[in-house]
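# Okay, here's the prediction I keep looking at, along with the sequence it came from:
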Amino acid sequence: MKHNKLNNKVAIIMGSQSDYSVMKDCEKILRIFKIKFQTSIVSAHRTPKRMFEFATSAEKKGFAVICAGAGMAAHLPGMVASLTNLPVIGVPIESKKLKGLDSLLSMNMPNGVPLAVMPINGAFNAGLYAASIIGTFDTRIKSNLDRWKRLQTLSVKKKPK
Ligand code: RP5
C-alpha cells in the first residue's frame with residue numbers, strides 16, 4: 001500500500017480493561033510525539049468478531065501501526081497480525097501467576113506471520129517503535145523522535161549520585 005499522510009494514526013488495542021494501566025504508557029509516548037491514536041478493548045477470546053472486524057478494517061481506517069497488549073493466553077497480537085498487513089507490535093502483559101512469561105511465549109509466532117514483540121509490560125517501547133515506523137514516511141515524526149532520543153542521551157549523567 002502507498003503510504004500517505006492519512007495513514008499515520010496508531011491503533012492501541014488490548015484484551016481487557018485490566019490491561020489499560022500498562023497500555024497507558026503507549027498513549028503517553030504517542031502524545032509526546034503528537035501522533036494520533038485510538039484506544040479500544042478488543043479481545044481475541046471474548047470478542048472474536050470485534051477482533052476480526054477491527055483487524056480487517058484497520059488499514060482503510062487510516063492506521064499505520066497497531067500496538068496490541070494482551071496477557072495470559074495472549075493471542076490477540078498474533079491473531080490481528082494474521083488478519084492485516086499493517087505492522088503489529090505485541091505487548092505481553094504481566095500476568096499474576098506466571099508473571100507474564102505465558103503472555104510472552106504466546107507471542108512466539110510461526111513463519112509467515114511476523115509480529116514485533118516488546119518486553120513484558122513494554123507499552124512505552126511499543127509507542128516508541130510505532131513512532132519509528134511512522135517516522136520512516138513522516139518527517140515531522142522523524143524529527144520529534146530524533147530530538148527525543150538526543151534529549152534522552154543528554155539526560156544520562158556520567159557519574160551516579
Ligand atoms: C487477557 O486475559 C487480557 O489481555 C488480560 O491480560 C487477561 C486477563 O483478563 P481479565 O480477566 O483481567 O479481564 O485476555
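Thanks, I have it.
# what comes up buried for stretch 91-103?
Val91, Pro92, Ile93, Glu94, Ser95, Gly100, Asp102, Ser103 (16 or more other Cβ atoms under 10 Å). For every residue, glycine as well, the C-beta is placed using N, CA and C.
# where does Asp25 land in three-state SS?
Following DSSP: H, G, I helix; E, B strand; the rest coil, Asp25 is assigned to helix.
# Can you point out the buried residues in stretch 106-119?
Going by 16+ other Cβ under 10 Å, stretch 106-119 has these buried residues: Ser106, Met107, Met109, Leu115, Ala116, Val117, Met118.
# Spell out which parts of the protein neighbour the ligand.
Gly15, Ser16, Ser18, Asp19, Ser43, His45, Ala70, Gly71, Met72, Ile93 (Cβ under 6 Å from any ligand atom).
# from what I can see the second one touches Gly71, true?
Yes. Taking Cβ atoms under 8 Å as the contact criterion, Ser16 and Gly71 are neighbours in contact, 7.4 Å apart.
# one step back: just the buried residues of stretch 106-119: which are in strands?
Mapping the buried residues of stretch 106-119 onto strands (DSSP state E) picks out Ala116, Val117.
# and the two most separated of the buried residues of stretch 106-119?
For the buried residues of stretch 106-119, the farthest-apart pair by Cβ to Cβ is Ser106 and Ala116; their separation is 14.6 Å.
# Could I get the contacting residues of the residue nearest the centre of the chain?
Geometric centre of the chain, nearest residue: Cys67, 2.0 Å, by Cα atoms, centre = their mean. Shown in contact with Cys67 (Cβ atoms under 8 Å, 6 or more residues apart in numbering): Val10, Ala11, Ile12, Ile13, Met23, Cys26, Ile89, Val91, Ala123, Ala126, Gly127, Ala130.
# Kindly indicate the member of those residues with the most neighbours.
Comparing these by number of neighbours (other Cβ atoms under 10 Å), Val91 comes first, having 35 neighbours.
# just checking, it is part of a helix?
No. Under three-state DSSP, Val91 sits outside any helix and is assigned strand.
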